Structures are given as structure tokens and as C-alpha cells.
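Participant: Pasting the sequence and the predicted coordinates here, then a few questions.
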Amino acid sequence: MKRIFVFSMTAILLVLSLSAFQCSSTEMTSAKLYIQQKNYAKAMEALQKELQKNPKNDEAYYFLGYLYSEQGDYPKMMDAFNKSLAISNKWAKNIEDTKKYHWMNSFNKGVAFFNKATKAQAQDSVKMYYDKAVQAFNDGIAIEPDSADTYKNLSFALLSANRTEEAVQPLEKLRTLKKSADSYKLLGQIYNQEGATSMNKYKQSKAPEDSLKAMQAFDKAVTVLEEGRKLFPEDQDILLHLSNAYISANKASVAMETFKTGVEKDPQNQYYRYNYGTLLLQAADVDSKAGNYDKALSEYQEASDQFSKAMEIDPKYHNAIFNLGVAYVKWGTALREQADKLNKENPEYKSKYQQALPYLQKVTELKPDDPVAWETLAKVYAVLGMSKESQEAFAKADQLKK
């Protein structure tokens, strides 16, 4: 669950100047009296009559905005306040105080509804609270359209409510207001998912427009994530989403060159090494399936080197440890398949499985609830003839999948 920000709300007294009635028109005098009596409908009527007679009355627009704020109609509140300020700055302080009060109130309502949604059990209640949080944050944006934190919380509420497409606009706005890592990684993830959905649709429909839509989404992901990578070169989520976007956009060679260059420029960046290693691993898989075993074996070697270097930099880097084990497994598999094609024996393949073993065991220690790690370990045990260990690892994987 994403962390959501809250602002403490201090009491702001909305002081209405109701003095000097003798200098006001009949309509203004009546409006102020009605406001004092909390008869807001009559006050609204009097102010509208005043503005028909005197459209340059900044005071009338201020009080009209105040009444709209009491009704929770913030777009109309802002319109009235802006008209007042366009005439003069006489009511600027009152307007600023009113806006600040209602922005804080809306923001904190959004936070409260969001927190209730995370704790609710019934799905109807969860949806209701997320929808209320979204509305409250939208109210806050109507009042303060340049508040980065409001856009951030709105996007989290929309994503939590599975209103993913609606989250794009506030995230794009957040990206322009505040260069936060979250805005880049979330946008990149959304665009990647949009592309994947359209590509899956294309596989069924074969309609060119679905393929075009997929490529456009992947290109958006690349654009956003490339910008994010320059600002946050050590954010592993941004780098991971970027490498996926490159590959999905048929830019695997660009991805390879990007992360290779990153490794050369910043050799102590474990995330660049991990992503470069992952791309090499994927390329090796493609070459292995195509029967280009010599090239694949070389790529498995280089991928293993990159994962090993990433581990040296960060000994608890779970993903690098796991992929190192996987690289050795695939390396061994490729050696065996190559030998089979040549009708030869190559016992070296088992040594690669043996090399994979300690890394896969380490992963199950670091993340004992990862069924994929246990299943991969079980297969390695089986190849190495460790039947008892293999059965136990498969049983553990099955247990975790339930």
C-alpha cells in the first residue's frame, strides 16, 4: 500500500466583515444580514441581484465565493473568488484564508476516507470509501491546482480503486509539478500494462489498430521511464519497467546498449548491472531456442558475470541472486541441448546446475515465501539426483501456491 500524506488542519477563522452597512446597497446589506443569520439561500439571491446591478462589485463576488464554499461547490467558489481578485485585491487575504481552510479540509477528508478503505472488509464499503477519497482529493485540486501532494494522493486512491486509466492524468500532472520517482515508475507501469493489454487483444483480433495502440503505449512508457532514469538512476523499479518497455516496443538492442553504457559509466550501480544481465539472459534464451548455442553460451556467461557483480555490490540483492541461479540453470540446459543435437555427451551441464544450487538456496532463505524460487530449486535438485530434497522443495512450492 502506498503511503498517503496528511496535513494537520489548524483552525482558520473566516472573518466576515459585516460592518458599515450604511455604505452598502440594499442588496449587499440584506446579503450580509442573511449570512449572519445563516440563511444562505436568501443571501445567495441577494448577492446575485447585486451583481446584476453592479457586476464590478468585488465584495459581492467574495461573499458569493464564500457561500459556494459553504455548499462544497469549489469550482464555483474559485470562479467567484477569481472574479473578485480580477476587480481588486481588497479581499485577497480573506480569499486566501478561505481557500487554505477548505483545501486542508478536503485533503484530510481524502486521507481519512483512504484509510477507511484500507481497513474495510466489505468490497462495497472499500469501493465507497475510495470513491469518497477520490472526490475529496479532486475537491482539493479544484481549490489548489498546483498542489503536488494532492495529485499524488489522488493517483494512489485511483490506483487502489482499480481506476487505473483515470490515474494517468494526475500522475502526468505530478510529473510536471514535482519530479518524484513514484510518478515515473507508476506512469511507466500503467503505460506498459496498457500496451500489454492492447497487444493481447491484437493477438486475438489481428486488427492493426490494436497493434498500433500497443506500440503507442509502449513508446509512452519508454519516454516517461527514460526521463525517470536520468533523474533517478538508482531506482530499480524505474530501470526494470524501462527494460520491459524497450523489449515490448521492439527496442531490445536499444535496451541492451542503454544498460551496457550505464554499467560502463557507473560500474558500482547494481541496478544497471542487474538489468543488463537480465537483458543478456533474455537474449541468450532467444538464441538458444534458435539453435545458436555458441552465441547463447557466451551471453549466459556475460549475464552471470553481471549478476555476480551486482551481488558483490549488494550481497542481499534478492533478484540478482535468483537470476544468477537461473542463468546457471539455463546455461546448463543449453549445454545439454547442444550436446543432444550433436549426439554427444557433455557432463559439464551438471556442473552448471551445481553452480546454481547455492544461489537458489540463498534465495529461499532470503524469501522463504517465494514459490517460484522453491520450484526452481526443486528442479535443480532433481537434475542433480537429490530426490529427497527435490520432493521437499516441490512440496514447499505447492504449499505456498495454495
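Facilitator: Thanks, I have it.
Participant: C-alpha from now on. contacts and neighbour counts both.
Facilitator: Noted.
Participant: T278 contacts A303, correct?
Facilitator: Yes: the pair T278 / A303 is scored as a contact, 6.8 Å apart, by C-alpha atoms under 8 Å.
Participant: List the buried residues in the host helix or strand of N94.
Facilitator: N94 is part of helix 92-119, with elements assigned from DSSP states H and E. Buried residues in helix 92-119, counting neighbours by 16 or more other C-alpha atoms under 10 Å, are found at 94-95, 98-117.
Participant: Looking at T278 and A303, which is more packed in?
Facilitator: The residue with more neighbours, out of T278 and A303, is A303; 28 against 25, by other C-alpha atoms under 10 Å.
Participant: where does that one land on pLDDT?
Facilitator: pLDDT, A303: 96.
Participant: what sits against it?
Facilitator: By C-alpha atoms under 8 Å, 6 or more residues apart in numbering, the contact set of A303 is Y276, G277, T278, L280, L281, L324, A327.
Participant: how near is it to I247?
Facilitator: Note on A303: its distance to I247, by C-alpha to C-alpha, to the nearest Å, is 17 Å.
Participant: helices or strands next to whatever helix or strand D398 lives in in the packing?
Facilitator: If you go by DSSP H and E, D398 is part of helix 387-401. Identification of packing neighbours for helix 387-401 by 3 or more C-alpha pairs under 8 Å, 6 or more residues apart in numbering; DSSP states H and E yields helix 371-383.
Participant: Centre of the chain to the helix it packs on, how far?
Facilitator: Mean C-alpha position of helix 371-383 versus that of the full chain (C-alpha atoms, centre = their mean, to the nearest Å) differs by 32 Å.
Participant: next one: stretch 329-339
Facilitator: Offset of stretch 329-339 from its chain centre (C-alpha atoms, centre = their mean): 38 Å.
Participant: any idea how far G277 is from the closest residue to Y349 other than its chain neighbours?
Facilitator: Spatial nearest neighbour of Y349, chain neighbours left out: G332 (4.2 Å); criterion: C-alpha to C-alpha, 6 or more residues apart in numbering. Using C-alpha to C-alpha, G332 is found at 17 Å from G277.
Participant: Comparing those two, which residue is more hemmed in?
Facilitator: Each of G332 and G277 has its neighbours counted (other C-alpha under 10 Å); G277 has more, 31 against 25.
Participant: I'd assumed E302 was in contact with that one.
Facilitator: Yes: with contact defined as C-alpha under 8 Å, G277 counts as touching E302 (7.2 Å).
Participant: Give me the residues contacting the strand or helix carrying V134.
Facilitator: Using DSSP H and E, V134 falls within helix 123-143. The contact list for helix 123-143 (C-alpha under 8 Å, 6+ apart) reads 74-75, 78, 99, 102-104, 106-107, 109-114, 116-118, 120, 147, 150-151, 153-154, 157-158, 160-161.
Participant: again, but for stretch 45-57
Facilitator: Identification of contacts with stretch 45-57 by C-alpha under 8 Å, 6+ apart yields S25, E27, M28, S30, A31, A60, Y61, F63, L64, S84, I87.
Participant: Mind checking which of the contacts of A303 are in helices?
Facilitator: Mapping these onto helices (DSSP state H) picks out Y276, G277, T278, L280, L281, L324, A327.
Participant: how close does V326 sit to L377?
Facilitator: The span separating V326 from L377 equals 10 Å under the rule C-alpha to C-alpha.
Participant: neighbour-wise, which of the two wins?
Facilitator: Per other C-alpha under 10 Å, whichever of V326 and L377 has more neighbours is L377, with 28 against 24.
Participant: Pretty sure L357 is one of the things the more buried one touches, is it not?
Facilitator: Yes: counting by C-alpha under 8 Å, L377 touches L357, with 7.1 Å between them.
Participant: picking that back up, now the angle from the next helix or strand after the helix holding V134 to helix 123-143?
Facilitator: Once helix 123-143 ends, the next helix or strand along the chain (criterion: DSSP H and E) is helix 148-160. The directions of helix 148-160 and helix 123-143 differ by 150 degrees, with axes from the mean of the first three to the mean of the last three C-alpha atoms, to 10 degrees as the criterion.
Participant: Start the count at 54 instead of 1 going forward.
Facilitator: OK, 54 is where the count begins now, so the last one is helix 201-213.
Participant: Which strands and helices lie in contact with helix 201-213?
Facilitator: Partner elements for helix 201-213 (3+ C-alpha pairs under 8 Å, 6+ apart): helix 176-196, helix 217-230.
Participant: Run the angle between that helix and helix 145-172 for me.
Facilitator: Angle, helix 201-213 to helix 145-172, by the same axes, to 10 degrees: 30 degrees.
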